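Engineer: Need a 3D model of the sequence below.
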Amino acid sequence: METVQAALWVVILLVAMALVFDFMNGFHDAANSIATVVSTGVLKPTQAVVFAAFFNFVAIFVFHLSVAATVGKGIVQPEIVDTHVVFGALAGAIVWNVITWYYGIPSSSSHALIGGIVGASIAKAGASVLMTSGILKIVAFIFISPLLGFLFGSLMMVAVAWICRRTRPNKVDKWFRRLQLVSAGAYSLGHGGNDAQKTIGIIWLLLIATGYSSAGESSPPLWTIISCYMAIGMGTMFGGWRIVKTMGQKITKLKPVGGFCAETGGAMTLFLATFLGVPVSTTHTITGAIVGVGSTQRMSAVRWGVAGNIVWAWILTIPASAFVASIAYWVSLQLY
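Structural biologist: Coordinates of the predicted model:
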């Protein structure tokens, strides 16, 4: 494989861009892991954010780097990647994230990054460089992860309702306020494990392409792993409140029991996907779980209009970020 030793400043700039994306990912997705704890009143927003950031970072010790390997080596053929492709991919993802954050739409940072990689690679070398198996797996999980979240969330809710059927409601409320800390911690762990690895994957792709790392190595340099986990944790600490409201209250009103079931369902899905090495969207997963919990009360408890708008944002994410990335790829060719 030919590697072109790019100018060091270009590589440093792109690594910084990737870490900004990772920070934004934490910022954008902080809402997912804490929306339910905040909207049920278990933790104050500031406490919840620090709590989530801590578990985001701890994930470094829990998960194997299988998602990073998928992003780094399983979406496009690594040999066509150069600094322009990486710039295009990151610019596409960041621009789409800013747009959706500004309008308060919970879209997926993960799929924005995947779309960015796909768009910039096609702009450079056409569709033949895409690795179909990796992309199909990711696209399949766009539908599978919310469905699994829905399934686990609703099953947890039914099970809990049956177990607590003879207990006084205020007692149940009290138990689950405490238990929600466990489920929110597990969910943040899953968020850190799956999401930080996507950025590790793209930095790894960049280092292989520019000759600063070899394609044969089983894992990227240690500094990339630590800096990515730190960036996502910091992003979560500065989390975005606009999206918290949509996730926690607008889709369906949640009580602590519902919050616990939604987060546990979401966490189970994220652990499974990370174990399989599939980059999934934490946003899709928790939304599926919240809808699952709401639908066990009655189908009208879910505000399907809001859920429908969110689905549109998902379907658009990959094509939109791919389009922006292809333009950014062309711009970078003019710049350096």
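
Engineer: how much space between the residue sitting furthest away from the middle of the chain and Thr296?
Structural biologist: Taking Cα atoms, centre = their mean, the residue of the chain most remote from its mean C-alpha position is Arg166, at 38.4 Å. Counting by Cβ to Cβ, to the nearest Å, the separation of Arg166 from Thr296 is 19 Å. The way it works is simple: take the backbone N, C-alpha and C, and place the C-beta from them, glycine included.

Engineer: ok, now His191?
Structural biologist: Per Cβ to Cβ, His191 is found 24 Å from Thr296.

Engineer: can you check Thr167 too?
Structural biologist: Distance from Thr167 to Thr296, by Cβ to Cβ: 17 Å.

Engineer: hmm, back to that, I'd guess the residue farthest from the centre of the chain is in a strand, am I close?
Structural biologist: No: under the criterion used here (DSSP: H, G, I helix; E, B strand; the rest coil), Arg166 is coil, not part of a strand.

Engineer: For the remainder of this discussion, apply numbering that starts at 36.
Structural biologist: Got it, the first residue is 36 from now on, which makes the last one we talked about Arg201.

Engineer: Phi first, then psi, for it.
Structural biologist: With angles defined as degrees, to the nearest 10, Arg201 sits at phi -110, psi 10.

Engineer: do the same with Pro80
Structural biologist: phi -50, psi -50.

Engineer: What about it, how many residues nearby?
Structural biologist: 13 (other Cβ atoms under 10 Å).

Engineer: tell me the pLDDT at it?
Structural biologist: Note for Pro80: predicted pLDDT of 73.

Engineer: That one against Ser74, yeah?
Structural biologist: No: using Cβ atoms under 8 Å, Pro80 is not in contact with Ser74; the gap is 10.1 Å.

Engineer: how about Gly139, secondary structure?
Structural biologist: Here Gly139 is coil, with the state taken from three-state DSSP.

Engineer: what about the nearest residue to Ser156 once chain neighbours are set aside, how many neighbours?
Structural biologist: Nearest residue to Ser156, sequence neighbours excluded (Cβ to Cβ, 6 or more residues apart in numbering): Val111, at 4.2 Å. Look at Val111: counted by other Cβ under 10 Å, it has 23 neighbours.

Engineer: Val111 contacts Val153, doesn't it?
Structural biologist: Yes: applying Cβ under 8 Å as the test, Val111 and Val153 come out as touching, 7.2 Å apart.

Engineer: Now list whatever residues contact both of the two.
Structural biologist: Residues within reach of Val111 and of Val153 at once, by Cβ atoms under 8 Å, 6 or more residues apart in numbering, are Leu165.

Engineer: roughly how far apart are the residue nearest to Ser156 and Leu171?
Structural biologist: 14 Å.

Engineer: before we move on, what about Ala162?
Structural biologist: Relative to Leu171, Ala162 is positioned 14 Å away (Cβ to Cβ).

Engineer: residue ranges for the helices of the stretch 36-185 of the chain, please.
Structural biologist: For the stretch 36-185 of the chain, the helices defined by DSSP state H, counting those that start in this stretch cover 43-74, 80-93, 101-108, 118-137, 144-160, 167-198.

Engineer: In a markdown table: the ones you listed, plus distance to Leu368.
Structural biologist: What follows is these, written out as a markdown table (distance: least, Cβ to Cβ, whole Å):
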| stretch | distance to Leu368 |
| --- | --- |
| helix 43-74 | 13 |
| helix 80-93 | 35 |
| helix 101-108 | 23 |
| helix 118-137 | 6 |
| helix 144-160 | 9 |
| helix 167-198 | 24 |
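
Engineer: Comparing those helices, which comes out most buried?
Structural biologist: For the helices of the stretch 36-185 of the chain, average neighbour numbers computed from mean count of other Cβ atoms under 10 Å are highest in helix 144-160, which has a mean of 27.

Engineer: Quick one: mean pLDDT over stretch 56-76.
Structural biologist: For stretch 56-76, mean pLDDT is 77.
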